[in-house]
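Participant: no sequence on this one, just coordinates:
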């Protein structure tokens, strides 16, 4: 297996191994902040969407954001859940309630190369998947997001970040880089997978590069910090092109 932590095969294998513990461990290790940030990500989307709107959840994981999304946008026709990890999809399917199962379409694919149709989604979101892309990949992802969104469609993406400039950052980094790996090894049978979060967030820094990439891809973008920059987000929409008639 490749040692490149941004190679899609590496990322898929990493999350396959994490899938059984991902939901509970991510909530506990973040002191519940991941749930708060998922709600905040969804809250950046407009409440009013077209009837039968289509949503795409990129790097969907085990679908933790779906209840928040469906509560905010009950008229959504379907959510396409895209993730590169087979085990994440399997775990998500097993957890779906009967009343929700017919509204979720699962697509096992790499977000950078997916064949989702152009102008497909009214809503697009991602929670905690951006850090697994380097800057070159983020540029490709931004182009994919612009292609997949319908004109007038909205997006919201949030990611754990490195809060540079925050006075408590040294404690944050100590927890992410030292304590989290130790706790994982003690309580998850010597695993060393979730500790990759520290490496990914340090390399990722924040959503500023993604904001620029989305802007360059023709989208309207707003960048935000959450809890002193421990998470950052980008949200906005794809403009509707207006044809200018001949004089």
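Facilitator: Done, it's in. Small disclaimer: the values here were computed from a predicted structure and weren't measured.
Participant: For stretch 160-179, what is the distance to the chain centroid?
Facilitator: Averaged C-alpha coordinates place stretch 160-179 at 21 Å from its chain's average position (C-alpha atoms, centre = their mean, to the nearest Å).
Participant: Any idea how far apart the tips of it sit?
Facilitator: 17 Å (C-alpha to C-alpha, to the nearest Å).
Participant: Other residues contacting that stretch?
Facilitator: When contacts are taken as C-beta atoms under 8 Å, 6 or more residues apart in numbering, the neighbours of stretch 160-179 outside the stretch itself are 30, 34, 37, 128, 131, 197-198, 201-202, 204-207, 225, 228-232. The C-beta positions use only the backbone N, C-alpha and C, and glycine is treated the same way.
Participant: Return the residues in contact with residue 139.
Facilitator: Residues touching residue 139, when contacts are defined by C-beta under 8 Å, 6+ apart, comprise 213, 216.
Participant: If we use 10 Å, what do you get?
Facilitator: By C-beta atoms under 10 Å, 6 or more residues apart in numbering, the residues touching residue 139 are 112, 133, 209, 210, 212, 213, 214, 216, 217.
Participant: A helix includes it, no?
Facilitator: Yes. The secondary structure assignment for residue 139 places it in a helix, going by DSSP: H, G, I helix; E, B strand; the rest coil.
Participant: how close does it sit to residue 181?
Facilitator: If you measure residue 139 against residue 181 using C-beta to C-beta, to the nearest Å, the figure is 30 Å.
Participant: mind listing the helices for this protein?
Facilitator: Using DSSP state H, the helices assigned to the chain run over residues 8-29, 33-43, 66-72, 86-95, 98-101, 135-148, 169-174, 180-187, 196-204, 208-216.
Participant: Output those helices in TSV, with mean pLDDT and distance to residue 154 appended to each entry.
Facilitator: Written out in TSV, the entries for those read as follows (pLDDT from 0 to 100; distance: least, C-beta to C-beta, whole Å):
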stretch	mean pLDDT	distance to residue 154
helix 8-29	73	25
helix 33-43	94	11
helix 66-72	92	12
helix 86-95	72	23
helix 98-101	64	22
helix 135-148	98	11
helix 169-174	92	31
helix 180-187	70	33
helix 196-204	89	23
helix 208-216	98	12
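Participant: among those helices, which is nearest residue 53?
Facilitator: Using C-beta to C-beta as the criterion, the shortest distance between residue 53 and the helices of the chain is 10.8 Å, found for helix 66-72.
Participant: how deep is residue 140 tucked in, by neighbour count?
Facilitator: Residues near residue 140, counting by other C-beta atoms under 10 Å, number 15.
Participant: Which residues are in contact with it?
Facilitator: Applying C-beta under 10 Å, 6+ apart as the definition, the contact partners of residue 140 turn out to be 111, 112, 113, 133, 213, 217.
Participant: could you redo the last one with a cut-off of 7 Å?
Facilitator: Taking C-beta atoms under 7 Å, 6 or more residues apart in numbering, we find residue 140 in contact with residue 112.
Participant: Please determine how far it is located from residue 216.
Facilitator: Spatial separation of residue 140 from residue 216 under the definition C-beta to C-beta is 12 Å.
Participant: for residue 155, same thing?
Facilitator: The value you get for residue 155 to residue 216, if C-beta to C-beta is used, is 15 Å.
Participant: So in the chain, which strand runs the longest?
Facilitator: Longest among the strand segments of the chain by residue count, using DSSP state E, is strand 149-160.
Participant: Just the buried subset of the contacts of stretch 160-179, please.
Facilitator: Buried positions within the contacts of stretch 160-179, assessed by neighbour count (16 or more other C-beta atoms under 10 Å), are 30, 34, 37, 128, 131, 197-198, 201, 204-207, 229-232.
Participant: Specify which member of those residues is nearest to residue 58.
Facilitator: The shortest gap between residue 58 and any of these belongs to residue 128, at 10.8 Å (C-beta to C-beta).
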